[in-house]
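**Student:** coords please:
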Amino acid sequence: SLFQTMVSCEDVRMLQHRFIDTAKDNPEKLAIADRTTGRDVSFGRALIAAILLARRFRKLERGRLGIMLPTSAGGALAIIGATFAGRTPVMINYSTGAEKNCLYAQKQCDFKKIITARALLEKTGCKALPDMVFIEDILESLSKFEQINALIQSKLPRSWIKKLSGSNDLSKPAVILFTSGSEKDPKVVQLTQRNILSNIDSFSDMMGIYEMDNLLAVLPYFHVFGLTINLWTPLCLGISATTYSNPLEFKTIAKIIKNDKPSLLVGTPLFLEGYARQSDPGDFESVELTVSGADKCPDSLRELYRKKHGLEIFEGYGTTETSPVISVNPRDANRPGSIGIPIPGTSVKIENIDTGEECPPEIIGRILVKGDGVMEGYLNDIEESHLRIKSGWYDTGDLGYLDIDGYLWHKGRL
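**Tutor:** Predicted structure coming up:
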């Protein structure tokens, strides 16, 4: 398969190296159509912006850098810039108490500076903290010299730009994310370059995403689903991403789908239902593939998409700790109600809750996952890491079973 060819290829490229190749191959192609600000950014311009921001970010912080920005051109460029600078972006959730989450992230991950925007603070009611740096201030203060310098750097041979943006080390951290923390404090998940790259390649290979030209990107970047599928997948594959900062503005997004004509629609059942209800038949005619994740996809939602738009929903399953996709229903063999089959390079087994033995097909047990997408452990939490990962197998904390054809069925939390 294409996935195996890419992985076995000697030139193992980092996320930012893939993006550099895309930008060099398609400098004029639209990378981000930001529908919140009305700003369009080509791949060539995105490369220049990443070089500019990397230079500034290197002076701000060592090691890790907080990023609290919406799904937008600015948010995407800040993450690429941090990666170029060799800084690990720490993605901060602004939807569930922005100030509290900023302070928690700084304490847990040992960094100070947080890149954010004044408009976001106004919207979330978060006060400005001493270590916040505003992206608009950075962009306004760029000198002519810096801009010319970045433009010249962007014209260098790609091998030189890659050297300037980090060496080939797939075990290097790519991002730090936080679990929802529904039971207690959010856990700190550090995902490596290998984790995210393997997920992009496996998911894209299995679902035939390589030939697509445009995807809708409305999931937040502080959520792993948004970060992997809405940010790095289009940047690595040369797909245009149409971004909008609030996925709950259903009417606006339904209009964006109609006008911008994305091929790929990925969302939670709540979002997908909202968009469909605010749309008319024919509005989604550009959509080739609709993937649902994060929550159980109800039959009523499948029926709504079939009736109104003639579209099938392909349900998938994942976790923050697995970068995220574990399984998804194949396009040519959808089994509605199931959460699909494991993506290439990922293994799933069902373990008996009492004995720890592997369960035969159709028997419910604990869902365990192994593969390149699985994190190495929680940051600074050896105890929790040992509880959840044994011999490379990650315990999802979910119950389910595999049927005789290898499809996974979710049966709730433990």
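**Student:** what's the closest non-adjacent residue to Pro298?
**Tutor:** Distances taken as CB to CB, 6 or more residues apart in numbering put Pro269 closest to Pro298, at 6.3 Å, once the chain neighbours are dropped. Every residue, glycine included, has its C-beta placed from N, CA and C.
**Student:** residues contacting the one you found?
**Tutor:** Counting by CB atoms under 8 Å, 6 or more residues apart in numbering, Pro269 makes contact with Ser292, Ala294, Asp295, Lys296, Cys297, Pro298, Leu301.
**Student:** and with 6 Å instead?
**Tutor:** By CB atoms under 6 Å, 6 or more residues apart in numbering, Pro269 lies in contact with Ser292, Asp295, Cys297, Leu301.
**Student:** these in strands, which ones?
**Tutor:** Among those, the members falling in strands (DSSP state E) are Ser292.
**Student:** nearest to Ser180, of the contacts of Pro269?
**Tutor:** Lowest distance from Ser180 to the contacts of Pro269 (CB to CB) belongs to Asp295, with 11.8 Å.
**Student:** pLDDT on stretch 41-60, on average?
**Tutor:** The pLDDT scores in stretch 41-60 average 96.
**Student:** which residues in the stretch 201-350 of the chain form helices?
**Tutor:** Taking DSSP state H, counting those that start in this stretch, the helices of the stretch 201-350 of the chain run over residues 224-225, 233-237, 250-260, 269-277, 299-309.
**Student:** so what touches the shortest one?
**Tutor:** In other words, helix 224-225. Leu177, Leu219, Gly293, Thr320, Pro324.
**Student:** one more time with 8 Å, if that's ok
**Tutor:** With contacts defined as CB under 8 Å, 6+ apart, helix 224-225 is touched by Leu177, Val189, Leu191, Leu219, Val266, Gly293, Ala294, Gly318, Thr319, Thr320, Ser323, Pro324.
**Student:** quick one: low-confidence parts of the stretch 151-300 of the chain?
**Tutor:** Within the stretch 151-300 of the chain, the stretches with pLDDT under 70 are 181-183.
**Student:** just to revisit the earlier point, would CSV of the contacts of Pro269 with distance to Ile135 and neighbour count be doable?
**Tutor:** Shown next, in CSV, are those (distance: CB to CB, whole Å; neighbours: other CB atoms under 10 Å):
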residue, distance to Ile135, neighbour count
Ser292, 32, 27
Asp295, 31, 11
Cys297, 35, 24
Leu301, 36, 19
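**Student:** just flag the most distant two among the contacts of Pro269.
**Tutor:** Counting by CB to CB, the most remote pair of the contacts of Pro269 is Asp295 and Leu301, 10.3 Å apart.
**Student:** residues near Pro130, how many?
**Tutor:** Neighbourhood size, Pro130 [other CB atoms under 10 Å]: 6.
**Student:** A helix includes it, no?
**Tutor:** No: per DSSP: H, G, I helix; E, B strand; the rest coil, Pro130 lies outside any helix segment and is coil.
**Student:** residue contacts, it?
**Tutor:** Applying CB under 8 Å, 6+ apart, one finds that Pro130 lies in contact with no residue.
**Student:** how near is it to Glu99?
**Tutor:** As judged by CB to CB, to the nearest Å, Pro130 and Glu99 stand 12 Å apart.
**Student:** cool, Val189 as well?
**Tutor:** Taken as CB to CB, the span from Val189 to Glu99 is 22 Å.
**Student:** check Ser180 too.
**Tutor:** 18 Å.
**Student:** out of the two, which sits in the busier spot?
**Tutor:** Neighbour count, other CB under 10 Å: between Ser180 and Glu99, Glu99 has more, with 15 against 11.
**Student:** surely the more buried one touches Ala128?
**Tutor:** No: in this structure Glu99 lies outside contact range of Ala128 using CB atoms under 8 Å: 9.7 Å.
**Student:** what sits against Ala33?
**Tutor:** Contacts for Ala33 were tallied using CB under 8 Å, 6+ apart; they are Asp40, Ser240, Ala241, Thr242, Thr243, Asp260.
**Student:** of those, keep whichever come out buried.
**Tutor:** Ser240, Ala241, Thr242, Thr243, Asp260 (16 or more other CB atoms under 10 Å).
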